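**Q** Generate coordinates for the sequence data below:
(one chain, ligands or ions: 1)
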Amino acid sequence: MRQVRGRFAPSPSGEMHLGNAWTALLAWLAARHSGGEMILRIEDLDPDRSRPEHASQIITDLRWLGLDWDEGPDIGGPYGPYTQDERRHLYDKAIRKLTEQGLIYSCFCSRAQLHSSPTLAPHAGETEWRYPGTCRLLTEQERQAWLEQGRRPLRRIVVPNRTFSFVDHIQGAYQQNLQAVSGDFVVQRSDGVHAYQLAVVVDDALMGVTQVVRGADLLGSTPRQLFLYQVLELTPPSFAHVPLLCGQDGQRLSKRHQALSLTALRQQGISPETIVGYLAWRAGLIKRNEAVAARDLIAGFSLTLLGKDPIAVGTNEL
Ligand code: GLU
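**A** Below you'll find the predicted structure:
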């Protein structure tokens, strides 16, 4: 049996909120319960949306909650660097490997550029757009013509007409035909920034991650990632997609829900144990909504008590 290695991989595009704390706590408990190691990776791929001050605040917030990690941007480790911005050469190497297999092509469709934001993990409520493959069959002449017009292409990967299936530890059996759902997806933007789908696979594999615990909004991305594991000849981890937390408005928690940011909660004098206890109660780990330290949840942890459906949270419950 491989040593369990879990990870939490936040994007520093905003303040950490209760939903991020939920995922971080569950990923951390899953790793620690199995006596495994925990990795913190900052997913700052997108230079337009990532801010170093958010990354340091995330680190402060996670420590405040009582979570720790064995490897991360602040403490280093054998599989570093632990921020994606410093790992771009590894993504380039992966693209070269895929190019050698004839799987990568240039896409000049401006419509496609408008419709996708490939550096961010797709989140619930965001419609995913299926690329119809327009540029897959461009001739070399057509390609040159576009380049001469000064158009910079993005890069896509050819997906097979195949169904990828896996068993998620929480959501159960899941399958998806890549051609039907995403089509040939983006691996690198026209400005050279690599796509989330590619980077996350390269990083999880090279960091030896064996267990991915993350939000259920990424369930639909997993078949694309499994395909990348296969063509890059890398070993995939197991997956557990935890239900999303949503506000009383039914929307997945996000920056909009200011009141549920960890900074706001801290400013109201709410203790980390109160937050951890509340999240543990919602996860079915404890019977009552009461304060508890994260480390005291390790022994009795199990993902089996979690349902699949989104969980509505409100400030009045804390
Ligand atoms: N960086 C992604 C996010 O913050 C998470 C990606 C993942 O866990 O695979 O939404």
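**Q** C-alpha from now on. contacts and neighbour counts both.
**A** Will do.
**Q** Over to S106: give its phi and psi.
**A** With angles defined as degrees, to the nearest 10, S106 sits at phi -80, psi 140.
**Q** measure it to the ligand for me?
**A** 25 Å (CA to the nearest ligand atom, to the nearest Å).
**Q** Run through the bridge partners of that residue.
**A** R155 (DSSP bridges).
**Q** List the residues that contact it.
**A** C135, R136, R143, P153, L154, R155, R156 (CA atoms under 8 Å, 6 or more residues apart in numbering).
**Q** repeat for V159
**A** Taking CA under 8 Å, 6+ apart as the criterion, V159 is in contact with L178, Q179, G183, D184, F185.
**Q** Then E37?
**A** E37 touches Q3, V4, R5, G6, A31, W69, D70, counting by CA under 8 Å, 6+ apart.
**Q** and L245, how many neighbours does it have?
**A** For L245, the count of nearby residues is 26 (other CA atoms under 10 Å).
**Q** Over to it: give its phi and psi.
**A** Per degrees, to the nearest 10, the backbone of L245 is at phi -90, psi 140.
**Q** what pairs with it across the strands?
**A** Beta-bridge partners of L245, as defined by DSSP bridges: I311.
**Q** Correct me if wrong: it contacts G307.
**A** No: using CA atoms under 8 Å as the test, L245 is too far from G307 to be in contact (11.8 Å).
**Q** Return the backbone torsion pair for E71.
**A** Residue torsions, per degrees, to the nearest 10, at E71 are phi -140, psi 140.
**Q** Distance-wise, check it relative to the ligand.
**A** Relative to the ligand, and taking CA to the nearest ligand atom, E71 is found at 16 Å.
**Q** cool, and G314?
**A** 21 Å.
**Q** residues in contact with that residue?
**A** By CA under 8 Å, 6+ apart, the residues touching G314 are G247, Q248.
**Q** when you give positions from now on, start the count at 8
**A** Got it, the first residue is 8 from now on, which makes the last one we talked about G321.
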